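Chemist: A predicted structure for the sequence below; I have some questions about it.
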Amino acid sequence: MTARLVPPARDPIGPGATRSIEISLDGVPITGVAGQSIAGVVLASGRLAWRRTSVDGRPRGLFCGIGVCFDCIVMVNGERDVRACQRRAADGDVVVSQHDALPEATA
Amino acid sequence: MTSDVVIVGAGIVGAACARALVMAGVDVTVVERSAAASGTSAKGEGNLLVSDKGPGPELELAQYAASLWPELAAELTAELGPGFPSIEYERKGGVVVATTGAGARPLLDFAASQRHAGVDARPLTNDDALRLEPELSPAITAAVHYPEDAQVQPVIATEALLASARTRGARIRIGETVTGPLLGDGGRITGVRTTAGELAAGAVLVAAGPWSGEVSAALGAPLPVRPRRGNVLVTTRMPHRVFHKVYDGDYFGATQSSDAALQTSGVVESTAAGTVLIGSSREQVGFDDRLSVATLREIAAKALRLFPFLAGASVMRSYLGFRPYMPDHLPVIGADHRVPGLWHATGHEGAGIGLSLATARMITAQLLGSPHPIDAARFSPSRASLAPHLTEVAS
């Protein structure tokens, strides 16, 4: 899979004038377009995975894209478990990827 | 083509029986109308419990099963290789608590009776309980730790058992429904008629879970297996804050009740993925699979008595399924006394995942006439406690 951002001028939706925003993911700045979801901004930057599973550490990113599967959760401005596909990106958002390791069995 | 045994149903019981039989040199065909693990096997929590069983035949079967799971998990890993997902066998242990003053003594007495039957049941002080489960409500009135309770991922376990059976020669026929018996001399069943033709067999084993009532009736020997609906709530992923299977002691009362009306009991555990599963409910409403908000509300409220932090958790989805309920609360494992050649492995209610391996060993030993450690008469379809119910379904 590859992600791509349609240039606003060629977007059939005709978004009109657009405004750039900048968020950070794990400290790396990413530029997006106002109105995009956090997942949209991150995907368009070329990054497809931003979480790892607890058991095998497998990569996870956008799966359903409509808020149902909770695969894409990230920490946004200190709030954890935010669905990246549902949260509209705001200029200056600090996004941090999540990984919850398995606990040690206590018996 | 003739099989030694045709198994009806590719849930975990049918899958476990298929593997045990082919390993004993028996030629097996499994017929499944839908898909493997598409019914009850996929709708529970994958529990392998001894904690919810009082002294008696079912506990003996559960203890026997508990002794078989670790070895099976290792065997399947070795056989199927790293490309096959793990069955996620985990001996996570159970913590059973009482949440009322009146509930404390019965729970501790029950645990004492289980200890006499060889169960590792350790009473906990509240401090000890909170050490095992730091988020547990400090308002609990008693707690018992059951280190032997375990869990598997039941769909993967079913698929792994089937894959193992297939590599040893078992045939699995998916999307084919059994419609009636083939009958020979003396009313002996000699196979089954299906939507795809006829399958001749030396014996026919019904392992159709809650649908075993209709399958056994279609084969001429109806069993009083009825669906008992259960619901589970699934939270979104979170850091692991629940470490054992934790449930309210009144769960045992609900499992043993014959009441058809709704009963709920708090049962909480986390999965490897980080979600928390919240149950449980029991009600007899046929195969009605409509969502019941009232049931989910009651389950959620009871879970909060165990883990108050769940008040802030988001629920991602819920699911429901049907347990194969028996009116005398024991599974049916053995030869039918009415139709020669017909066998049953069903009616495990909510314990079928755990009991599947023990059931498979018993069926295999009985079919081959070899010894095994469990007294089979108590699970026979001809047992006295089942007789009045057999008369009822036959009329």
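Modeler: Okay, I see it.
Chemist: In which helix or strand does the most centrally placed residue in chain A reside?
Modeler: Chain A has A:A39 as the residue nearest its centroid, 3.0 Å off, counting by Cα atoms, centre = their mean. Using DSSP states H and E, A:A39 maps to helix A:38-44.
Chemist: what element comes up after that helix heading to the C-terminus?
Modeler: Downstream of helix A:38-44 (by DSSP H and E), the next one is strand A:49-52.
Chemist: Give me the buried positions along that following strand.
Modeler: A:W50, A:R51, A:R52 (16 or more other Cβ atoms under 10 Å in any protein chain shown). The C-beta positions use only the backbone N, C-alpha and C, and glycine is treated the same way.
Chemist: Contact partners for the second one?
Modeler: To tie it back to what came earlier, the one meant is A:R51. Counting by Cβ atoms under 8 Å, 6 or more residues apart in numbering or on different chains, A:R51 touches A:P59, A:R60, A:G61, A:D71, A:C72, A:I73, A:V74, A:S97, A:Q98, A:H99.
Chemist: Give me the lowest-pLDDT entry from these.
Modeler: pLDDT across those is lowest for A:H99, at 83.
Chemist: Any idea how many residues pack against the nearest residue to B:S280 once chain neighbours are set aside?
Modeler: Nearest residue to B:S280 in three dimensions, chain neighbours excluded: B:V267, at 4.4 Å (Cβ to Cβ, 6 or more residues apart in numbering or on different chains). Neighbour count for B:V267, taken as other Cβ atoms under 10 Å in any protein chain shown: 27.
Chemist: list the contacts for the residue nearest to B:S356 when sequence neighbours are not counted?
Modeler: Setting aside the residues directly before and after it, B:S356 is nearest to B:A16 in space (Cβ to Cβ, 6+ apart), at 4.0 Å. Applying Cβ under 8 Å, 6+ apart, we find B:A16 in contact with B:L161, B:S356, B:L357, B:T359, B:A360.
Chemist: Buried residues, stretch B:297-307. List them.
Modeler: Buried-residue list, stretch B:297-307, by 16+ other Cβ under 10 Å: B:E298, B:I299, B:A300, B:K302, B:A303, B:L304, B:R305, B:L306, B:F307.
Chemist: SS state for the fourth one?
Modeler: In other words, B:K302. When classified by DSSP: H, G, I helix; E, B strand; the rest coil, B:K302 comes out as helix.
Chemist: before we move on, what SS does the closest residue to it other than its chain neighbours have?
Modeler: Spatial nearest neighbour of B:K302, excluding adjacent residues (Cβ to Cβ, 6+ apart): B:G266 at 3.6 Å. Per three-state DSSP, the secondary structure class of B:G266 is strand.
Chemist: Are we agreed that B:V234 is in a strand?
Modeler: Yes - applying three-state DSSP, one finds B:V234 inside a strand.
Chemist: is it true that it touches B:L320?
Modeler: No - between B:V234 and B:L320 there is no contact under Cβ atoms under 8 Å: 11.6 Å.
Chemist: Show me where the stretch 251-395 of chain B has its strands.
Modeler: In order along the chain, the stretch 251-395 of chain B carries the following strands (DSSP state E, counting those that start in this stretch): B:263-270, B:276-282, B:315-325, B:332-335, B:342-346.
Chemist: Give me whichever of the ones you listed is most buried.
Modeler: Most buried of the strands of the stretch 251-395 of chain B by mean neighbour count (mean count of other Cβ atoms under 10 Å in any protein chain shown) is strand B:342-346; its value is a mean of 27.
Chemist: strand partners of the one helix or strand B:H145 maps to, parallel vs antiparallel please.
Modeler: Following DSSP H and E, the helix or strand that holds B:H145 is strand B:142-146. Its sheet considered, strand B:142-146 pairs with strand B:94-98 (antiparallel), strand B:122-124 (antiparallel) by DSSP bridges.
Chemist: Just want the angle from the longest one to strand B:263-270.
Modeler: So that's strand B:94-98. With axes from the mean of the first three to the mean of the last three Cα atoms, to 10 degrees applied, the angle from strand B:94-98 to strand B:263-270 works out at 140 degrees.
Chemist: follow-up on the earlier one: and for the helix holding A:A39, what are the contacting residues?
Modeler: A:3-5, A:21, A:23, A:25, A:30-33, A:36, A:50, A:61-62, A:65, A:72, A:74, A:76, A:82, A:84-85, A:87-89, A:93, A:95.
Chemist: Grab the nearest non-local neighbour of B:E349.
Modeler: Counting by Cβ to Cβ, 6+ apart, B:E349 lies nearest to B:R323, which is 4.8 Å off, once chain neighbours are set aside.
Chemist: Check the gap between that neighbour and B:R226 for me.
Modeler: Applying Cβ to Cβ, to the nearest Å, the value for B:R323 to B:R226 is 9 Å.
Chemist: quick one: common contacting residues for the two?
Modeler: B:P210.
Chemist: quick one: B:A221 from A:R10, how far?
Modeler: B:A221 sits 70 Å away from A:R10, taking Cβ to Cβ as the criterion.
Chemist: hmm, which helix or strand of chain B has the shakiest average pLDDT?
Modeler: Every helix and strand of chain B was ranked by mean pLDDT, DSSP states H and E. The lowest is helix B:250-256, at a mean of 69.
Chemist: looking at this, the residue nearest to B:S356 is in a strand?
Modeler: No - read with three-state DSSP, B:A16 is helix and lies in no strand.
Chemist: Quick check: it vs chain A, distance?
Modeler: Distance, B:A16 to chain A, by Cβ to the nearest Cβ, to the nearest Å: 24 Å.
Chemist: Setting aside sequence neighbours, what's the nearest residue to B:A143?
Modeler: B:A129 (3.8 Å).
Chemist: next one: B:R305
Modeler: B:T99 (4.9 Å).
Chemist: Please apply the same query to B:D328.
Modeler: B:S385 (3.9 Å).
Chemist: in chain A, which segments are predicted with low confidence?
Modeler: Within chain A, the stretches with pLDDT under 70 are A:1-3, A:103-107.
Chemist: switch the cut-off to 80
Modeler: For chain A, applying pLDDT under 80 flags the ranges A:1-5, A:8, A:15, A:55-56, A:100-107.
Chemist: just chain B next, same as before
Modeler: Residue ranges of chain B with pLDDT under 80: B:1, B:250-260, B:394-395.
Chemist: what does it have sitting close to chain A?
Modeler: Within chain B, the positions adjacent to chain A are B:88, B:90-93, B:132, B:145, B:147, B:236-240, B:243-244, B:272-274, B:314, B:316-317 by Cβ under 8 Å from any Cβ of the partner chain.
Chemist: Taking the residues you listed, please make a ChimeraX selection of just the buried ones.
Modeler: The buried residues among these can be selected in ChimeraX (16+ other Cβ under 10 Å) with this line:
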select /B:88,90,91,92,93,132,145,147,236,237,238,240,243,244,272,273,274
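Chemist: Out of the residues of chain B next to chain A, which sit inside helices?
Modeler: Among the residues of chain B next to chain A, the members found in helices (DSSP state H) are B:L132.
Chemist: Now do the SS call for residue 64.
Modeler: Assuming you mean chain A. In three-state terms, and counting by three-state DSSP, A:C64 is coil.
Chemist: hey, which helix is longest across chain B?
Modeler: If you go by DSSP H, chain B has its longest helix at helix B:57-80.
Chemist: buried residues in it?
Modeler: Buried residues in helix B:57-80 (16+ other Cβ under 10 Å): B:57-66, B:68-69, B:72-73, B:76, B:80.
Chemist: Which elements pack onto that helix?
Modeler: Packing partners of helix B:57-80 (3 or more Cβ pairs under 8 Å, 6 or more residues apart in numbering or on different chains; DSSP states H and E): strand B:47-48, helix B:154-167, helix B:352-368.
Chemist: related to what we said a few turns ago, who wins for neighbours among the contacts of B:A16?
Modeler: Greatest neighbour count in these, by other Cβ under 10 Å, goes to B:S356: 33 neighbours.
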